[in-house]
Structure formats: C-alpha cells, structure tokens
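Colleague: Test case, fold it:
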Amino acid sequence: MKTLSVRQPWAWAIAKGYKTIENRSRATSHRGPLAIHASLRWDEPKELWLRNAVGIARDQGHALPVKLADDMPYADTGLILAVVDVVDVCTASRDEPRVVCDCGPWANAGETHWRLENARLLAEPFAAKGRLGLWPCDDPRLDELVAA
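Modeller: Model (predicted):
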C-alpha cells in the first residue's frame, strides 16, 4: 500500500479523521487507500502547531482528549497509525495563491490540497521507517483497513 510520512501533530489529526486536507507542494495521481505514517520528528515549533491542530479540530466540533498523551499511541512518532482514502487533489490555491478554494480550515494558501476521507485507525499502530514522498508498505496489518 502507498504510504505517506507526516509530521506530528498532523499525522495524529489525519489518523483521527479530524484533518481532511494534507498540504503538499506537489499533486499526486494516487487515489484510494493511503497509509499514514507519523514521522520521527514533530513540526516545529511543536507547541504552536499543536495548538493550531487542536484548535481547528475543536472548532469543527470534535471531542478531543484533555492531553494529547491521552491519545497514545496515535500521538507518537515513528509509527504507521491509520489508513485514509485520497479522493481528490485541489491545485487552485497552489496555481494562484490569491485564490481561496473551498478546501476548508486545514488548507494552506499556496499549497496543493490532498482531500482525505474515511480515516481508519489501526488497532495497534506499528513501527516503520518513514521516507520522503509516497512509499510502499506491504505489511499485512494494513489489509484489514483497506476494505473497511
């Protein structure tokens, strides 16, 4: 299965189904299941991006844990956490940064927006070494989430 490494706290937000847009500099032709891997490093400054992710998720009405540590292992690093479906890609803002697209609060101006749906958490996230770009992970533990 194609896999994408994403820094925390974004990997957590995607895995939990809160974040439905992944901002990237490039589009992808990939559609369908995509495993989400939490990179070894957090996006810096950690506190700023964590507040941002939690704030957007709360504004959307999601019930969140009191502390991110209460949501382990999904807030950890170096693990494959979930499978989502890539359903579309929006390049409107990337091609013309002054254009405001309808991708919502997770979308960054000037970026390509990968639209994600149907987040399915792994019951037991597992360790994996991440890579840049889309990379293959053929671990059978992902099979149960593909058809879900």
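Colleague: helices or strands up against the longest helix seen in the chain?
Modeller: Taking DSSP state H as the criterion, the chain has its longest helix at helix 46-59. The contact analysis (3 or more Cβ pairs under 8 Å, 6 or more residues apart in numbering; DSSP states H and E) places helix 46-59 against helix 10-15. Quick note: C-beta positions are derived from backbone N, CA and C, even for glycine.
Colleague: Give the buried residues for the helix it packs on.
Modeller: If you call a residue buried by 16 or more other Cβ atoms under 10 Å, then helix 10-15 has these buried ones: 10-15.
Colleague: Asp76 against Ala38, yeah?
Modeller: Yes. Taking Cβ atoms under 8 Å as the definition, Asp76 is a contact partner of Ala38 at 6.4 Å.
Colleague: okay, and the common contacts of the two?
Modeller: 8, 125 (Cβ atoms under 8 Å, 6 or more residues apart in numbering).
Colleague: In terms of packing, which of these two has more residues around it?
Modeller: Ala38 (29 against 17; other Cβ atoms under 10 Å).
Colleague: what residues are up against the more buried one?
Modeller: By Cβ under 8 Å, 6+ apart, the neighbours of Ala38 are 5-8, 11-12, 15, 76-81, 125.
Colleague: Number of residues surrounding Leu34?
Modeller: Other residues within reach of Leu34 by the criterion other Cβ under 10 Å amount to 22.
Colleague: So which residues make contact with the helix or strand of the chain with the lowest mean pLDDT?
Modeller: Confidence across the helices and strands of the chain bottoms out at helix 143-146, with a mean of 76, counting by mean pLDDT, DSSP states H and E. Helix 143-146 is contacted from outside by 1, 33, 82-83, 120, 122, using Cβ under 8 Å, 6+ apart.
Colleague: residue ranges with poor pLDDT in the chain?
Modeller: Counting by pLDDT under 70, the chain contains low-confidence ranges at 67-71, 147-148.
Colleague: My guess is Phe126 contacts Cys137. True?
Modeller: No. Using Cβ under 8 Å, Phe126 is not in contact with Cys137; the gap is 9.6 Å.
Colleague: what residues are shared contacts of those two?
Modeller: Common neighbours of Phe126 and Cys137 (Cβ under 8 Å, 6+ apart) are Ile80.
Colleague: Which one's more surrounded, those two?
Modeller: Per other Cβ under 10 Å, whichever of Phe126 and Cys137 has more neighbours is Cys137, with 18 against 15.
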